[in-house]
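>>> Sharing a sequence plus its predicted fold:
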Amino acid sequence: MKARTISLIALLVIFCGCAEFLSLLQTTGTLPLTESEVISGLREALSTGAKKSAEKLSLENGYFGDAAIKILLPDEAKTIIDNISKIPGGEQLVQDVILRINRAAEDAAKEVAPIFVSSITKMSIQDAFGILKGTDNAATTYLKNTTYNELYALYKPKIQASTEKDIVGTISTKDSWQTLTSRWNTVANSIAGKLINLKPVNTDLDDYLTNKALAGMFSKVEIEELKIRKEVSARVTPLLKRVFGSLDTPASN
């Protein structure tokens with residue numbers, strides 16, 4: 001085995017040249033990465049980052065307690081919020097709606113991991129090398145491109161169930177939203193509305209909230225990816241150390 005390794009090194013020196021080979025060793029700390037190592041390392045990194053993100057978000061207050069990704073009603077809902085807040089207990093009603101929406105997202109996050117894993121196992125060699133040499137969020141972009149539709153289908157029904165729950169009497173968040181936008185659009189589409197350049201509101205509430213929830217999910221995946229790329233301590237296995245160590249800038253003498 002040792003003789004074969006020495007022979008391989010000798011061949012690399014002959015064909016690559018001493019300078020190139022030494023540079024290669026400085027970059028990787030060992031022999032060149034194989035295709036198998038790259039794809040296995042990327043799959044491991046993606047699985048680690050995606051699972052950590054999903055686990056964090058699936059906890060109570062995973063969304064609701066994180067100001068960076070907490071799901072709020074769209075700006076067009078300000079009129080609803082302002083009016084409901086004027087009635088006794090109204091402010092609490094608004095907060096209950098926001099809490100329920102975020103709880104629905106936290107519940108959906110519990111089912112995210114298998115979707116990510118399915119996508120990761122289908123990664124090709126070309127995908128892997130593209131991610132390894134790509135931008136700092138290349139892995140996150142890959143996951144987003146390959147899982148978004150399936151994740152959307154997972155999240156939206158849970159978000160929708162939250163917006164359809166009654167908040168005041170028999171009025172739900174969605175009822176209030178539709179009433180508000182319908183009245184606003186009547187004015188905006190009128191001759192007077194057009195003269196003063198009012199714009200109709202066509203926001204699909206469930207679609208808006210679902211996309212906000214997924215944006216929060218992928219922002220957390222991106223953070224985990226950046227850690228693995230930039231922080232040696234985040235590379236928790238020998239394979240991650242070897243694959244992502246190949247990206248580290250060699251220390252200058």
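Arrived safely, thanks for sending.

>>> Could you check stretch 64-83 and say which residues are buried?
Within stretch 64-83, the residues that qualify as buried are 64, 69, 70, 71, 73, 76, 77, 80, 81, counting by 16 or more other CB atoms under 10 Å. No exception for glycine: its C-beta is placed from N, CA and C like everyone else's.

>>> Ok, stretch 150-164 next?
Residues of stretch 150-164 classed as buried by neighbour count (16+ other CB under 10 Å): 151, 154, 155, 156, 158, 159, 160, 162, 163.

>>> Could you pull up the contacting residues of the fourth one?
Taking CB atoms under 8 Å, 6 or more residues apart in numbering as the criterion, residue 156 is in contact with 206, 207, 210.

>>> By neighbours, which of those residues wins?
With neighbours defined as other CB atoms under 10 Å, the most crowded of the contacts of residue 156 is residue 210; it has 26 neighbours.

>>> Show me where this protein dips below the pLDDT cut-off.
Within the chain, the set of residues satisfying pLDDT under 70 comprises 1-31, 80, 167-168, 249-253.

>>> All the strands of it, residue numbers only.
All strands of the chain, identified by DSSP state E, fall at 166-168, 171-172.

>>> And residue 32, how far from residue 214?
Spatial separation of residue 32 from residue 214 under the definition CB to CB, to the nearest Å is 37 Å.

>>> ok, these two, which is more surrounded?
Taking residue 32 and residue 214 together and counting by other CB under 10 Å, residue 214 has the greater number of neighbours (21 against 13).

>>> Residue 124 is in contact with residue 146, correct?
No. Under the criterion of CB atoms under 8 Å, residue 146 is not in contact with residue 124, lying 11.1 Å apart.

>>> Comparing the two, which residue is more hemmed in?
With other CB under 10 Å as the criterion, residue 146 and residue 124 differ in neighbour count, and residue 146 comes out ahead with 17 against 9.

>>> Now for the most centrally placed residue in the chain: which residues touch it?
With the centre of the chain defined as its mean C-alpha position, the nearest residue by CA atoms, centre = their mean is residue 218, 0.7 Å away. Residues in contact with residue 218, defined by CB under 8 Å, 6+ apart, are 140, 143, 144.

>>> what sits against the residue lying closest to residue 215 once chain neighbours are set aside?
Spatial nearest neighbour of residue 215, excluding adjacent residues (CB to CB, 6 or more residues apart in numbering): residue 69 at 7.5 Å. Neighbouring residues of residue 69 by CB under 8 Å, 6+ apart: 57, 63, 215, 216, 217, 219, 220.

>>> Based on its surroundings, how many neighbours for the second one?
Other residues near residue 63 come to 29 when the count uses other CB under 10 Å.
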